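> What follows is a predicted structure for the sequence shown.
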Amino acid sequence: MLLLVLGTAAGGGIPQWNCACPGCSGARAHPRRRRRHASLAVRTDDGRWYIVNATPDIADQIEGRPELHPGPGPRQTPVAGLVLTDAELDHTLGIARLREADSLQVIATAPVRQALLERLHLDDVLAPYTSVTWRPLPRRGAALLHRGTPGLQISGIPVSGKRPRYAADAPDDDAWVVALRLYDPASGTTALYAPALAAWPDHFQQAAAEADCVIVDGTFWDDDEPRRTGISDRTATGMGHLPIEGPDGTAERLARLSARCLYTHLNNTNPLVDPAAPEHKRLARLGVEVASDGMEIEL
């Protein structure tokens, strides 16, 4: 299994266009600190690629990886489709950016698909440009990532009923936000990708304990960070993100796993966006990493 880390930032990216916080200012002064929106690319056994979450940066993310470039035909692309872990704008706006495709395959849970079709009218918007095929992301059992090609299997592990703001009055469903489980039967390896994590339920703990690589939500360092930095009057957990450090933090949980563990989806206020921040040493002592844009993970 080969994973390409296409981006590691939370909504707005780093730097965010209207923000002059230390994290954004530092990224403008030091371009290597820039982070695109959190996303992965996953290679199938036949060499095709699926992109996990369609961010506003998706075109640049594809251009930044030669493996994802089109060819040899003029409109022949190795990108076979998209997998969505939630319906948030920073994980779905890129779908419209791919309207030049002859056809587009999107794998998502039922509430995510419903929100995109009924609230954002995505099918109506894209119909004059391309055809969209929707596939369910199973919550129980698993499905082949690329139909007709034996190999990688996928499933969605519900981790939150948090709805995006544009669908705040939509029905409750525990699959609004899922962790993506990728299993490679050839190697027997498993990857778990959870860029948004509002809780750590038992079924997620079981999946993490069985995984070889766990990539999770690192939006905020501690629970009070959003209020302390002035970006919100809510805490991290109130915004639907478990913090890294603190009583409800994920760092200690990750340290107890045997898997390779990495953080992604960093907010611009998170001290980890500064490579010199002492918080990196804290994570290193626990054996936990911070994912970087462009990283390759082979399992």
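On my side now, so go ahead. Fair warning: this is a prediction, and the values are worked out from it, not measured in the lab. Numbering: from 1, shown residues only.
> R181 belongs to a strand?
Yes: according to DSSP: H, G, I helix; E, B strand; the rest coil, R181 belongs to a strand.
> burial count for it?
The number of residues packed near R181 is 22, by other Cβ atoms under 10 Å. No exception for glycine: its C-beta is placed from N, CA and C like everyone else's.
> tell me the pLDDT at it?
Listed pLDDT for R181 reads 98.
> What sits closest to it if chain neighbours are left out?
S155 (4.8 Å; Cβ to Cβ, 6 or more residues apart in numbering).
> and if you look at H37?
Ranked by Cβ to Cβ, 6+ apart and with sequence neighbours excluded, the top spatial neighbour of H37 is T55, at 3.4 Å.
> got it, and V52?
Counting by Cβ to Cβ, 6+ apart, the residue nearest V52 is L40, at 4.2 Å.
> quick revisit: mind telling me what element the residue nearest to R181 is part of?
For S155, the host element (DSSP states H and E) is strand 153-160.
> for Q114, same thing?
Element membership for Q114 (DSSP H and E) is helix 110-118.
> can you give me how far that helix is from the chain middle?
18 Å (Cα atoms, centre = their mean, to the nearest Å).
> Please identify the buried residues of that helix?
Buried residues in helix 110-118, counted by 16 or more other Cβ atoms under 10 Å: P111, V112, R113, Q114, A115, L116.
> same question, stretch 206-215
Along stretch 206-215, these residues count as buried under the neighbour rule (16+ other Cβ under 10 Å): A207, A208, A211, D212, C213, V214, I215.
> So which of those residues are in helices?
Taking DSSP state H, the ones among the buried residues of stretch 206-215 that sit in helices are A207, A208.
> From P136, how far out is the residue nearest to R181?
Distance, S155 to P136, by Cβ to Cβ, to the nearest Å: 11 Å.
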